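A.B. asks: Take this sequence and fold it.
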Amino acid sequence: MAAARSAPLARLDHAVLRGTRRALGGTPAVPVARALSLFGEHALGWVALGAAGALTGHRAPEWRRGVVATLAAHTAGVVVKRVVRRQRPLFDDVPALVPTPSRLSFPSAHSCSTAAAAVSYAPLLGTPVMAGVTALMLVSRVLLGVHYPSDVLSGAALGATVASAVRGRPRPGEGEA
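C.D. replies: Residues are numbered from 1 along each chain as shown. This next block holds a predicted model:
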């Protein structure tokens with residue numbers, strides 16, 4: 001019964017995965033996607049950005065909280081991935097364009113950490129910038145053939161939820177003038 005309900009989602013996932021590769025596969029979007037993949041690996045680019053922001057001293061507690069949120073979201077994504085154990089896409093016409101640390105796909109940990117960074121760093125860098133980078137990261141994971149669209153959307157939802165929870169809990173001494 002559950003398999004019958006998920007069949008339309010699977011068909012949509014497959015169609016969007018293949019359509020994204022057809023539309024963007026031979027374009028400069030691929031090297032951009034590879035660069036984003038490297039930046040987002042294990043949330044290291046987002047953590048480095050937050051650490052650099054904190055080192056400036058300007059709004060340092062917010063930057064540090066963003067690092068915590070990003071790491072928490074990445075960790076949550078990895079834990080869920082190991083519980084769900086959904087396999088990455090494996091289609092002859094959509095080969096993976098980057099290596100991955102595992103064969104597990106759901107949710108996208110890149111999407112978890114990127115959405116968490118977007119929620120956390122948007123007040124510091126601007127919502128349009130962070131929303132744009134998040135959209136690029138999500139599309140990049142599908143373009144590279146390492147995630148289904150449902151993986152990246154679920155990862156983004158999980159990451160944003162975790163970051164919102166962390167962001168909503170200021171530490172003692174924060175926000176004082």
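A.B. asks: okay, now C112: neighbour count?
C.D. replies: 33 (other Cβ atoms under 10 Å). Where you see a C-beta, it was placed from the backbone N, CA and C, and this is true even at glycine.
A.B. asks: What of the one 3 residues further on?
C.D. replies: Using other Cβ under 10 Å as the criterion, A115 is surrounded by 31 other residues.
A.B. asks: How about G53?
C.D. replies: 21.
A.B. asks: Would you mind naming the helix or strand containing it?
C.D. replies: Assigned by DSSP states H and E, G53 belongs to helix 44-55.
A.B. asks: So, low pLDDT: which residues of the chain?
C.D. replies: 1-5, 169-177 (pLDDT under 70).
A.B. asks: the longest helix in it is where?
C.D. replies: helix 60-84 (DSSP state H).
A.B. asks: Do I have it right that A96 meets V142?
C.D. replies: No: using Cβ atoms under 8 Å, A96 makes no contact with V142, being 11.4 Å away.
A.B. asks: For these two, indicate the residue with more neighbours.
C.D. replies: The neighbour count for A96 versus V142, taken as other Cβ under 10 Å, is higher for V142 (27 against 14).
A.B. asks: show me what contacts the more buried one?
C.D. replies: 16-17, 20, 148-149, 152 (Cβ atoms under 8 Å, 6 or more residues apart in numbering).
A.B. asks: Now with 6 Å, please.
C.D. replies: 17, 20, 149 (Cβ atoms under 6 Å, 6 or more residues apart in numbering).
A.B. asks: Could you do G53 as well?
C.D. replies: Contacts of G53 (Cβ under 6 Å, 6+ apart): W63.
A.B. asks: Same check on A118?
C.D. replies: Contacts of A118 by Cβ under 6 Å, 6+ apart are 130, 134.
A.B. asks: Ramachandran coordinates for the residue most central in space within the chain?
C.D. replies: Nearest to the geometric centre of the chain sits S111, at 1.2 Å (Cα atoms, centre = their mean). Main-chain dihedrals, S111, degrees, to the nearest 10: phi -70, psi -40.
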